[in-house]
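Enquirer: Predicted model and sequence follow; I will ask about them next.
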Amino acid sequence: MSLPTRADVLVVGGGPAGSTAAGQLAAQGYDVVLIDKQRHPRETVGESVLPQAWKYFDLVGATPAVEKCRFVRKSGGIVAWGDQITQIAFSDFGHDRPGLHVERDEMDDTLLRHAASRGVRVFEGWRATSVRSGAGEGTLVTVAGEDGAAEFACRYMIDATGQASLMARQLGCRQLNPEYRFVALWGYFLNSRYVAPGGVVRPFADLATHAPVTFVTRLGEWGWSWHIPMKRHTSVGLVIPVEDYKRDSAAFPSLQAYFLETCLTAAWLGDLLEGATLTNGGVRMMRDFSYVSETLAGPGFLITGDAAGFVDPIFSIGFAIAMYSGNIAAWAVDRSLRRPAQAASAQAVFQKQMLGRYQLAHTMALPGVDAAAPDAARTHFNFFSRNEQELMWSAASMTTRSGNLVRTASDGSVPTVLRRQNLETLVF
């Protein structure tokens, strides 16, 4: 099937944000084309999924398909931050369905195929290279694939290009966050032990009968690590300040040597990895991953998911934000196309809601103090239910990064009830 030259909506990117937006719009009767430069399933990071994602799976009708994947179900998280080890359980915050540890290649492919089943026309191996929004009565997008370049006309373009941030880079409005200068390194291990509720350490073979938690440890002053057991292997990552990485990695002959030594000598993490083997192609790396686009909407376009912004993966909120952004983008496009006189107001609502989410994420995870952050957090925090507020508050308080969120408590904006449990140690 050859790529068409026009549609009502062109979605660029087949991750959770793009698949959600495309599927919702196709279900409402729009002609939707989705292109992705890669062919699914394709590898990506971000394997910890909070239970909030289930409401979006329900909303788009993907729950049966996701359940069929039989992803590892997690009950909560445990954080070892210095001398403090704490745990939270999602069930304590009103969630009757678990979080997930997912192979993102499988998850994203599942959501993309579900969008196709709702009427989205999917074309892989095509990428967008430039956008002319508001051209005439629509948007013109230059696309390129194996067969060459073409011009695609649409009434709306949704940018879901992830960290590539197509539209934000073109507009020059993608701003790196100078307070989050970190390097992320990660890899996949076979036969790692894992942490279960109560801090009980179990062999990988027990996953079928004993659910894990997402396990986070502190590295240095502001760095941290993740440990996420999945169906076939365990994702292990390090998030390290750029200056610390430059100083410490120089003494090692390779990136892999530095990664392994840092993992194996880290408190608790090294014990979990004793006897485990690094697999699946070694170590991956990402620099300067924290940014935000100052413009998220304009005539004939919206920017969603990681293309709009990303803060820090420490609280695993990226996947849920992506699906949220895809859903609200579909609402904004539908409102704009059905009621053109309301297009500007729909775009403004979309941008305000998205920027609010990123500002709150920034407040929760920021290393250090930001005088402006609490005001931004107060505004958006109240959109969430009391249970969700208490979950964010409790999760943030498990680290020393919660100072900005704590400062908002003085006027009652943040609940001071901590639903977490202190642990003395991990049990091997």
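Expert: Happy to help now that I have it.
Enquirer: only C-alpha atoms for contact and neighbour calcs from this point on.
Expert: Noted.
Enquirer: Name every strand pairing with the helix or strand where T129 lies and say which way it goes.
Expert: In this structure, T129 sits in strand 127-135 according to DSSP states H and E. Partners of strand 127-135 in the sheet, by DSSP bridges, are strand 138-145 (antiparallel).
Enquirer: what's the next secondary structure element after the partner strand?
Expert: Taking DSSP H and E, what comes next after strand 138-145 is strand 148-159.
Enquirer: Any chance you could list what contacts that next one?
Expert: Around strand 148-159, the neighbours that count as contacts under C-alpha atoms under 8 Å, 6 or more residues apart in numbering are 4-13, 18, 137-144, 165-167, 300-304, 307, 329, 333.
Enquirer: Take those residues and keep only those in helices.
Expert: Using DSSP state H, the members of these that fall in helices are 18, 166-167, 307, 329, 333.
Enquirer: thinking again about what came up before, filter the contacts of strand 148-159 down to the buried ones.
Expert: Among the contacts of strand 148-159, those buried by neighbour count (16 or more other C-alpha atoms under 10 Å) are 6-13, 18, 138-141, 143-144, 165-167, 300-304, 307, 329, 333.
Enquirer: A365 versus V311, what's the distance?
Expert: 8 Å (C-alpha to C-alpha, to the nearest Å).
Enquirer: A343 now?
Expert: Distance from A343 to A365, by C-alpha to C-alpha: 34 Å.
Enquirer: got the contact list for the residue most central in space within the chain?
Expert: The residue lying closest to the centre of the chain (C-alpha atoms, centre = their mean) is G318, at 2.1 Å. By C-alpha under 8 Å, 6+ apart, the residues touching G318 are 46, 305-306, 310.
Enquirer: biggest separation within these, which pair?
Expert: G46 and G305 (12.8 Å; C-alpha to C-alpha).
Enquirer: Looking at those two, which one has more neighbours?
Expert: G305 (28 against 16; other C-alpha atoms under 10 Å).
Enquirer: Burial check on L360, number of neighbours?
Expert: So L360, with other C-alpha under 10 Å, has 22 neighbours.
Enquirer: now L185
Expert: By the measure other C-alpha under 10 Å, the count of residues near L185 is 20.
Enquirer: got a list of what G119 touches?
Expert: So G119 contacts 23, 26-27, 32 (C-alpha under 8 Å, 6+ apart).
Enquirer: Out of those residues, who's the most crowded?
Expert: G23 (29 neighbours).
Enquirer: element containing the residue lying closest to that residue once chain neighbours are set aside, please.
Expert: For G23, ignoring the flanking residues on the chain, the nearest one in space by C-alpha to C-alpha, 6 or more residues apart in numbering is A115 at 4.4 Å. Assessed by DSSP H and E, A115 sits inside helix 104-117.
Enquirer: After that helix, which helix or strand is next?
Expert: Next along from helix 104-117, by DSSP H and E: strand 121-124.
Enquirer: what are the pairing partners of that following strand, and which direction each?
Expert: strand 32-36 (parallel).
Enquirer: Q347 contacts A297, doesn't it?
Expert: Yes. The pair Q347 / A297 is scored as a contact, 5.7 Å apart, by C-alpha atoms under 8 Å.
Enquirer: where does A80 land on pLDDT?
Expert: With respect to pLDDT, A80 has a value of 97.
Enquirer: next one: the one 10 residues further on
Expert: F90 is assigned a predicted lDDT (pLDDT) of 96.
Enquirer: and if you look at G148?
Expert: Reported pLDDT at G148 in the predicted model: 89.
Enquirer: for the one 10 residues further on, same thing?
Expert: According to the prediction, I158 has pLDDT 98.
Enquirer: And for it, the neighbour number?
Expert: Neighbour number of I158 under other C-alpha under 10 Å is 26.
Enquirer: ditto for T379
Expert: Neighbour count of T379, defined by other C-alpha under 10 Å: 13.
Enquirer: Tell me which of the contacts of G318 fall in strands.
Expert: F310 (DSSP state E).
Enquirer: can you redo the contacts of G318 as a markdown table with pLDDT and distance to F182?
Expert: Formatted as a markdown table, the contacts of G318 follow (pLDDT from 0 to 100; distance: C-alpha to C-alpha, whole Å):
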| residue | pLDDT | distance to F182 |
| --- | --- | --- |
| G46 | 95 | 16 |
| G305 | 96 | 20 |
| D306 | 95 | 17 |
| F310 | 90 | 12 |
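Enquirer: So which of the contacts of G318 is the closest to T209?
Expert: For the contacts of G318, the nearest to T209 is G46 (24.0 Å; C-alpha to C-alpha).
Enquirer: Return the backbone torsion pair for that closest one.
Expert: When read as degrees, to the nearest 10, the backbone of G46 gives phi 110, psi 50.
Enquirer: Spit out the contact partners of it.
Expert: By C-alpha under 8 Å, 6+ apart, the neighbours of G46 are 104, 313, 316, 318-319.
Enquirer: cool, and T214?
Expert: So T214 contacts 48, 74, 76-78, 195, 226-229 (C-alpha under 8 Å, 6+ apart).
Enquirer: next one: S133
Expert: 139-140, 298-301.
Enquirer: which helices and strands sit right next to the biggest helix by length in the chain?
Expert: Using DSSP H to define each element, the chain has its longest helix at helix 343-365. The contact analysis (3 or more C-alpha pairs under 8 Å, 6 or more residues apart in numbering; DSSP states H and E) places helix 343-365 against strand 297-298, helix 318-338, helix 373-381, helix 386-396, helix 403-407.
Enquirer: And the second one, what's buried?
Expert: By neighbour count, and taking 16+ other C-alpha under 10 Å as the criterion, the buried residues in helix 318-338 are 318-337.
Enquirer: Tell me what angle that helix forms with strand 148-159.
Expert: Relative orientation of helix 318-338 and strand 148-159, computed by axes from the mean of the first three to the mean of the last three C-alpha atoms, to 10 degrees: 100 degrees.
Enquirer: The fourth one too?
Expert: In terms of direction (the same axes, to 10 degrees), helix 386-396 departs from strand 148-159 by 110 degrees.
Enquirer: Report the buried residues of helix 386-396.
Expert: Going by neighbour count (16+ other C-alpha under 10 Å), the buried part of helix 386-396 is 388-396.
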